[in-house]
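Asker: Fold the following.
(2 chains)
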2 protein chains.
Amino acid sequence: MKKAVVCLSGGLDSSTCLAIAKDQGYACYALSFHYDQKHRTELEAAKRVATHFEVEDHRIVDLQDIAQLSVSALTDAEQDVPDYDGKVGVPTTYVPARNTIFLSIAMGWAETLGARAIFLGACKEDIGNYPDCRINFLDAFQHLMVNATDASSPIQQCQLITPLITLDKAETIQLGQSLGVDYSLTVSCYRADDKGRACGKCLSCKHRKQGFSRANVDDVTCYVDRA
Amino acid sequence: MKKAVVCLSGGLDSSTCLAIAKDQGYACYALSFHYDQKHRTELEAAKRVATHFEVEDHRIVDLQDIAQLSVSALTDAEQDVPDYDGKVGVPTTYVPARNTIFLSIAMGWAETLGARAIFLGACKEDIGNYPDCRINFLDAFQHLMVNATDASSPIQQCQLITPLITLDKAETIQLGQSLGVDYSLTVSCYRADDKGRACGKCLSCKHRKQGFSRANVDDVTCYVDRA
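Answerer: As a prediction, this is how the structure comes out:
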C-alpha cells in the first residue's frame, strides 16, 4: 500500500487533506508540530482527526525552540493576534520559514518510510497572505526534494501534493463533507482557547466562517461568544 | 554591520566557516542543533568555538524529536557507527533531510535578523557521501529561499555561502589556521566520547586525520587511544 506523510495542523484544510489522501488510497502518516503556537489546542484537534481517520501513525514534533528565533503574532506573548482587517500582504501571523521547516521534516520522515507523497493543506486563500503557500514555493520545494536526496532515494519518486491550492474554502468544505470530514473535530482559530473554542474574528476564523456560509453548510465551529 | 547566520556543529568545517564569516566582516549568529546525535559533545565544542570567535549570539535548537522519524547510525542506539571502509555512496551515518531541516531553521532566523548570508560548512569530502552537501542541493536551497519568502523579505538578498565546497580538508585546515581557528576546541568524530575524545576510525575522523597529515599541520585532536 502506498504511503503518504500528511502535514496535519488540526485545522479545516489539513484535515480535508488527510481525507483526500485516505480517499486516494494512501496509508497515512500524520505529522503535527508544536512550535509554541498560542493556539496549541489545535494539536488536540489533530489527535482527534488522526484518530477519526485511523492513520497508521501520528507524530507531534517538538519545535518550540524555533519560536525564539522569529517574530510572529502566533507565538509572541507581547504581540496580539489581530482581528481580520482585510489587508492584502503578509500578516503578523506569518512565521518565518514555517512551512519550509515543516516540509523538510516531512521529507525526512517520508524518506525513511519510503513514502510516495507528502500532503500539505496550502489553499487558495493562503496564497494572498503567506509566501510559503504559493505555487512557486511549492514547485521550488519539489525541486529541492529531488536535489536533496540520492538518486537511489525513494524521495526521487515522492510528490508534494497540495490538493486544496485551487479550491476556495467553500469548495474545500464541500469536498471534505463528501469524504467524511467532521469539521466539529477541527480547530482553525489563531486565538482558540484551551477548549478549542474559536474567536470568530481573526484571519483564519474569517476565512472559515465565509467558507461555511458560501458552501451553504451549517457552521459547526464552537465560538467563544456562543459558549 | 552585515549579519550572517552560521551553522555551527562544533566540527572542523563549520568552525572554519565561522572564522571565514568573521573575516569577511559579518556579525555572526551561530546556530547549532541537538538532534539526538550520539556525539552530542560536539555541542560543547560549538559553544567553545562560538565563545572563541565572540559571536553576537549562539542558539542550540532542540530537534531531538526528528531522531524518531529517521534511521541513522548517528542517532540509533541499535546501530553502531562503522569504522571508515572507503566505500563510495551514502553511508549509514546519513540523517534523512538533516541539512534541509537545518538550513530551513537558519533561513527563519536569517529572515528575522535581516541577515545577508547563511554559512554552511559543506565541504569537498562530503560531496561523495552526503547528497545534502552537493552543489545541486545548495543551488536548489538558494532557489527555495527566494521562492519561500515575500518580495519584501530580506531573504531575497540573502546568500547561502559554502566557502569550503571547493576545498579539501588540508586546504580547509590551512585556511582556518591563518584565520585563528583553534582546532583543539573542535570535535568532528561521530563516536566522540563525553569528553570530546575522538575514535580515530570513523569516516569523519579519517577525513580529519588525512587533512592534518596532508596539510603538514600537527593534529591537535584528542584521540581516545592516546588519552
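Asker: can you pull the buried residues of the worst-scoring helix or strand of chain A on mean pLDDT?
Answerer: Ranked by mean pLDDT, DSSP states H and E, the helix or strand of chain A with the weakest confidence is helix A:124-127, at a mean of 90. Residues of helix A:124-127 classed as buried under the neighbour-count rule (16 or more other C-beta atoms under 10 Å in any protein chain shown) are A:124-126. (Glycine included, C-beta is placed from N, CA and C.)
Asker: With distance to residue A:149 added, can I get those in TSV?
Answerer: TSV is the format used below for these (distance: C-beta to C-beta, whole Å):
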residue	distance to residue A:149
A:124	30
A:125	32
A:126	27
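Asker: With distance to chain B added, can I get the residues you listed in CSV?
Answerer: Compiled in CSV, those are given as follows (distance: C-beta to the nearest C-beta, whole Å):
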residue, distance to chain B
A:124, 18
A:125, 16
A:126, 13
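Asker: wait, which of the residues you listed is closest to residue B:181?
Answerer: Using C-beta to C-beta, residue A:126 comes nearest to residue B:181 of the buried residues of helix A:124-127, at 44.4 Å.
Asker: got a list of what that closest one touches?
Answerer: residue A:133 (C-beta atoms under 8 Å, 6 or more residues apart in numbering or on different chains).
Asker: Mind doing that once more with 10 Å?
Answerer: Contact analysis of residue A:126 by C-beta atoms under 10 Å, 6 or more residues apart in numbering or on different chains lists A:13, A:99, A:132-134, A:162, A:164-165, A:203-204, A:207.
Asker: okay, among those, which ones form the most distant pair?
Answerer: A:162 and A:203 (19.5 Å).
Asker: that older thread, most neighbours, which of the contacts of residue A:126?
Answerer: residue A:13 (32 neighbours; other C-beta atoms under 10 Å in any protein chain shown).
Asker: element containing that residue?
Answerer: In this assignment (DSSP states H and E), residue A:13 forms part of helix A:12-23.
Asker: same deal with residue A:51?
Answerer: helix A:41-52.
Asker: and that helix with helix A:12-23, angle?
Answerer: 20 degrees (axes from the mean of the first three to the mean of the last three C-alpha atoms, to 10 degrees).
Asker: Grab the CA positions of the helix holding residue A:13 and hand them over as CSV.
Answerer: The C-alpha trace of helix A:12-23 is given here as CSV (Å, rounded to 0.1, in the frame of the first residue of the first chain):
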residue,chain,number,x,y,z
LEU,A,12,-10.0,22.6,8.4
ASP,A,13,-7.6,22.5,5.4
SER,A,14,-5.2,19.9,6.7
SER,A,15,-8.0,17.7,7.9
THR,A,16,-9.6,17.8,4.5
CYS,A,17,-6.2,16.9,3.0
LEU,A,18,-6.0,13.9,5.2
ALA,A,19,-9.4,12.8,4.0
ILE,A,20,-8.3,13.2,0.4
ALA,A,21,-5.1,11.2,1.0
LYS,A,22,-7.1,8.4,2.5
ASP,A,23,-9.6,8.5,-0.3
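Asker: what's downstream of it, the next helix or strand?
Answerer: Where DSSP H and E defines the elements, the next helix or strand beyond helix A:12-23 is strand A:27-34.
Asker: Check which helices and strands that next one is in contact with.
Answerer: strand A:3-7, helix A:12-23, helix A:41-52, strand A:57-62, helix A:98-113, strand A:117-119 (3 or more C-beta pairs under 10 Å, 6 or more residues apart in numbering or on different chains; DSSP states H and E).
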